[in-house]
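Peer 1: Predicted model and sequence follow; I will ask about them next.
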There are 2 protein chains.
Amino acid sequence: MVSLSEKILTGDKRAIARAISTVEDGRAESNDLLKEIFPHTGRAIIIGITGAPGAGKSTLVDRLAAHYRKKGERVGIIAVDPSSPFTGGAILGDRIRMQNMATDPGIFIRSMASRGHLGGLARATVDAVAILDAAGYDKVIVETVGVGQDEVEIVKAADVTVVILVPGMGDDIQAIKAGIMEIGDVFAINKADREGVLRTERELEMLLSISERPDRWQPPIVKTIATENSGVEELAEAIRSYAEYVASHGESAGRRVSVARHRIIEMLRERLLKAALKRGVSEEELRSMAEDVAARRRDPYSVVEEILSRMGIG
Amino acid sequence: MVSLSEKILTGDKRAIARAISTVEDGRAESNDLLKEIFPHTGRAIIIGITGAPGAGKSTLVDRLAAHYRKKGERVGIIAVDPSSPFTGGAILGDRIRMQNMATDPGIFIRSMASRGHLGGLARATVDAVAILDAAGYDKVIVETVGVGQDEVEIVKAADVTVVILVPGMGDDIQAIKAGIMEIGDVFAINKADREGVLRTERELEMLLSISERPDRWQPPIVKTIATENSGVEELAEAIRSYAEYVASHGESAGRRVSVARHRIIEMLRERLLKAALKRGVSEEELRSMAEDVAARRRDPYSVVEEILSRMGIG
């Protein structure tokens, strides 16, 4: 019988989908699977794309994917949706997109949502990227709605990070605070036919000029109108130029080590919590402890200390 | 000598600031402090305010704080800035705000940024809220730029969550995906003098009509123009009405238990990782493991298993 990992390496889409579900659920068998495929990863260029809601990320990602497809490359897309704390699922938009794109055998698109309180979204996303990488996709695009720590972590795991802005958002001090500025290797000002594009561009240039990057790269600014497919080629070129810069300046190794370090920490964090919930405290105990804390009969700090000491950690 | 916790209980601002720094840094002594003040918490109404960058959160929060001040209440404000993965600090805007507000003895304002990879921002924020609560602030407002998981967790710890929208963002399918919709107990459409306000209101009403809340509350929509102080009173009234609804429908206890549970989990997560980095693996080993993983000499899954087994967990 052909194993799941072997099927992934041949690019079998159903196997890929199943494997991603496994890592998303954090099931135990995913560990062995990931160990098996790991030696086959590291070939894909991983592109992280982030920006505020309404910036037109999905459309731009779709156009970029179409651009790579025209060049004969295979493209994997992970749309991270950290939202929906109640429903825990991806909504409307992605389903429509996935139907449109599913007809192209060279594209794999998948939406991932945060599930429950154990978190692990960043870890699951990185694992899903590894699966697509091993499956031979040339480009893996990770798209996040983004200003949270989770998303920052996700895009930091990419080889190239693109931050999408739209005209008119730069005129607020809050936009500066969003902090996504600092993680962009390439900037796209989308909806560039809107009023205020020059002002946004100037403000962005100003912000970039005062920030100093450890790798001394000057992030290019590309103007795009995704709905009209305008600027997409320039964006692809900017992405390529950063990937090349990194490779030729020997920064690549450093970035990959820090990504690996971060990944180890995240996996450790998740596994430790799982162990605590399995061996340190039962679901019923946790519930009754939470009730005590809510009623202020007990403080949460001593509760945590009790759980740690039961695990032999203290 | 008067202890730090005693000073906090008397509302000493310098003691409060010092205590918040302690929890922000995750220093060991913060645990005892938090245990001491914990029995004095639970009196404040905690208001979480979130919305995309550019929505005008800071201005609206300032106006709301001024409204409460006029009624003689004391207001604590925590501005969460999950950004700045490189600089790790709060920027420009908050400093300006803090200077303006620092003259009012009934207001305490503090900006909190995520620091480093250990995370813990959500935990630190909740601890800071507890300090302000114990210090006798009647309202504690937690303001986040927000669509990430971190921010969702922070606002879920509030008694009342306000989501701020602006006209013109609702016309994109991405806005729906932002997911913050589902956590809003009250909605404010800020910058309500802008074009498109009716459309945004209609779309929001539509979205709210199809989503079902466990507590059956119908979130009110308030139109505000923060810069002109318009709609602020209505917003305060909407916040008050939800707090009352929750209290009168017995939902309050359930919410507080789930907040407490979540808090225990988060604290546990942070303490476990700290223990791992202290006892499971040294910084040098971690570095060399990350190098092995980056070079694909070793897979991260077996690295994590090794660290866990050293800790006696596996």
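Peer 2: That came through, no problem.
Peer 1: Pull the residues that contact stretch A:264-280.
Peer 2: A:26, A:118-120, A:122-123, A:126, A:153, A:283, A:286, A:307-308, A:310-311, B:117, B:265, B:268-269, B:272-273, B:276, B:280, B:286, B:289-290, B:293, B:300-301, B:303-304, B:307-308, B:313 (CB atoms under 8 Å, 6 or more residues apart in numbering or on different chains). No exception for glycine: its C-beta is placed from N, CA and C like everyone else's.
Peer 1: Now with 7 Å, please.
Peer 2: A:118, A:120, A:122-123, A:307, A:310-311, B:117, B:268-269, B:272-273, B:276, B:286, B:289-290, B:293, B:300, B:303-304, B:307-308, B:313 (CB atoms under 7 Å, 6 or more residues apart in numbering or on different chains).
Peer 1: part of a strand, is A:V80?
Peer 2: Yes: looking at A:V80 with DSSP: H, G, I helix; E, B strand; the rest coil, it is inside a strand.
Peer 1: From B:A295, how far off is it?
Peer 2: Distance, A:V80 to B:A295, by CB to CB, to the nearest Å: 27 Å.
Peer 1: Compare the two (neighbour count), which wins?
Peer 2: Between A:V80 and B:A295, A:V80 has the larger neighbour count (other CB atoms under 10 Å in any protein chain shown), namely 27 against 13.
Peer 1: what's around A:R27, how many residues?
Peer 2: 11.
Peer 1: In terms of helices and strands, where is it?
Peer 2: Using DSSP states H and E, A:R27 falls within no helix or strand.
Peer 1: how about the strands in the stretch 201-314 of chain A?
Peer 2: In the stretch 201-314 of chain A, the strands defined using DSSP state E, counting those that start in this stretch lie at A:221-223.
Peer 1: what about the helices in it?
Peer 2: A:232-248, A:251-275, A:283-294, A:300-310 (DSSP state H, counting those that start in this stretch).
Peer 1: among these, which gets the worst mean confidence?
Peer 2: Among these, helix A:251-275 carries the lowest mean pLDDT, at a mean of 85.
Peer 1: So which bits of that one are buried?
Peer 2: A:252, A:255-273, A:275 (16 or more other CB atoms under 10 Å in any protein chain shown).
Peer 1: That helix: how far from the chain's middle?
Peer 2: In terms of CA atoms, centre = their mean, to the nearest Å, the centre of helix A:251-275 is found 14 Å from the chain centre.
Peer 1: now stretch A:51-65
Peer 2: Mean-position distance between stretch A:51-65 and its chain equals 14 Å (CA atoms, centre = their mean).
Peer 1: For the stretch 1-150 of chain A, which residues score under the pLDDT cut-off?
Peer 2: Along the stretch 1-150 of chain A, the model assigns pLDDT under 70 to residues A:53, A:81-102, A:114-120, A:145-150.
Peer 1: So which residues of it form strands?
Peer 2: A:45-51, A:75-81, A:107-113, A:139-145.
Peer 1: so how far is the last one off the chain centroid?
Peer 2: So the one you mean is strand A:139-145. Here the centre of strand A:139-145 is set off from its chain's centre by 6 Å, with CA atoms, centre = their mean.
Peer 1: Next, the angle helix A:232-248 makes with it.
Peer 2: 110 degrees (axes from the mean of the first three to the mean of the last three CA atoms, to 10 degrees).
Peer 1: and strand A:139-145, what does it pack onto?
Peer 2: strand A:45-51, helix A:57-70, strand A:75-81, helix A:121-134, helix A:149-156 (3 or more CB pairs under 7 Å, 6 or more residues apart in numbering or on different chains; DSSP states H and E).
Peer 1: Could you spell out the sheet neighbours of it, each with its direction?
Peer 2: Next to strand A:139-145 in the sheet, as set by DSSP bridges, lie strand A:45-51 (parallel), strand A:75-81 (parallel).
Peer 1: Can I get these in a markdown table including distance to A:L208?
Peer 2: Below are the strands paired with strand A:139-145 laid out as a markdown table (distance: least, CB to CB, whole Å):
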| stretch | distance to A:L208 |
| --- | --- |
| strand A:45-51 | 16 |
| strand A:75-81 | 25 |
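Peer 1: which residues does the residue nearest the centre of chain A contact?
Peer 2: Centroid-nearest residue in chain A: A:I154, 3.6 Å away (criterion: CA atoms, centre = their mean). Going by CB under 7 Å, 6+ apart, A:I154 touches A:G48, A:V80, A:A122, A:T125, A:V142, A:T144.
Peer 1: Looking at those residues, which one is closest to A:D185?
Peer 2: Distances from A:D185 to the contacts of A:I154, taken as CB to CB, are shortest for A:G48 (8.9 Å).
Peer 1: residues near that closest one, how many?
Peer 2: Other residues close to A:G48 by other CB under 10 Å number 29.
Peer 1: Which strand residues bridge it?
Peer 2: A:V142, A:T161.
Peer 1: Compute the distance between it and B:L64, please.
Peer 2: 35 Å.
Peer 1: And for A:A113?
Peer 2: Taking CB to CB as the measure, A:A113 and B:L64 are separated by 32 Å.
Peer 1: ok, and the closest non-adjacent residue to A:V232?
Peer 2: Distance criterion CB to CB, 6 or more residues apart in numbering or on different chains; nearest residue to A:V232, sequence neighbours excluded, is A:R63 at 4.5 Å.
Peer 1: Settle this for me: that neighbour is touching A:N229, isn't it.
Peer 2: Yes: under the criterion of CB atoms under 7 Å, A:R63 makes contact with A:N229 at 5.5 Å.
Peer 1: Compare the two (neighbour count), which wins?
Peer 2: A:R63 (22 against 15).
Peer 1: can you pull the contacts of the more buried one?
Peer 2: Neighbouring residues of A:R63 by CB under 7 Å, 6+ apart: A:A226, A:N229, A:V232.
Peer 1: rerun that using 10 Å as the cut-off
Peer 2: A:56, A:224-233, A:235-236 (CB atoms under 10 Å, 6 or more residues apart in numbering or on different chains).
Peer 1: Just the C-alpha atoms of stretch A:264-282, please, in CSV.
Peer 2: C-alpha atoms of stretch A:264-282 as CSV (Å, rounded to 0.1, in the frame of the first residue of the first chain):
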residue,chain,number,x,y,z
ILE,A,264,10.7,24.5,17.6
ILE,A,265,9.5,26.9,20.3
GLU,A,266,5.9,26.9,18.9
MET,A,267,5.7,23.1,18.7
LEU,A,268,7.1,22.8,22.1
ARG,A,269,4.6,25.2,23.5
GLU,A,270,1.7,23.3,22.0
ARG,A,271,3.0,19.9,23.1
LEU,A,272,3.6,21.1,26.6
LEU,A,273,0.1,22.4,27.0
LYS,A,274,-1.3,19.1,25.6
ALA,A,275,0.7,17.2,28.2
ALA,A,276,-0.6,19.4,31.0
LEU,A,277,-4.2,18.9,29.9
LYS,A,278,-3.6,15.2,29.8
ARG,A,279,-1.5,14.6,32.9
GLY,A,280,-1.6,17.8,35.0
VAL,A,281,-5.3,18.5,35.2
SER,A,282,-8.5,16.9,34.0
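Peer 1: where's A:D133 relative to chain B, distance?
Peer 2: Going from A:D133 to chain B by CB to the nearest CB, to the nearest Å gives 11 Å.
Peer 1: So what's the residue count around A:Y245?
Peer 2: 17.
Peer 1: Leaving out the residues flanking it, which one is nearest to it?
Peer 2: Using CB to CB, 6+ apart and skipping residues adjacent in sequence, the residue nearest A:Y245 is A:W217, 5.8 Å away.
Peer 1: quick one: that neighbour from A:I141, how far?
Peer 2: 20 Å.
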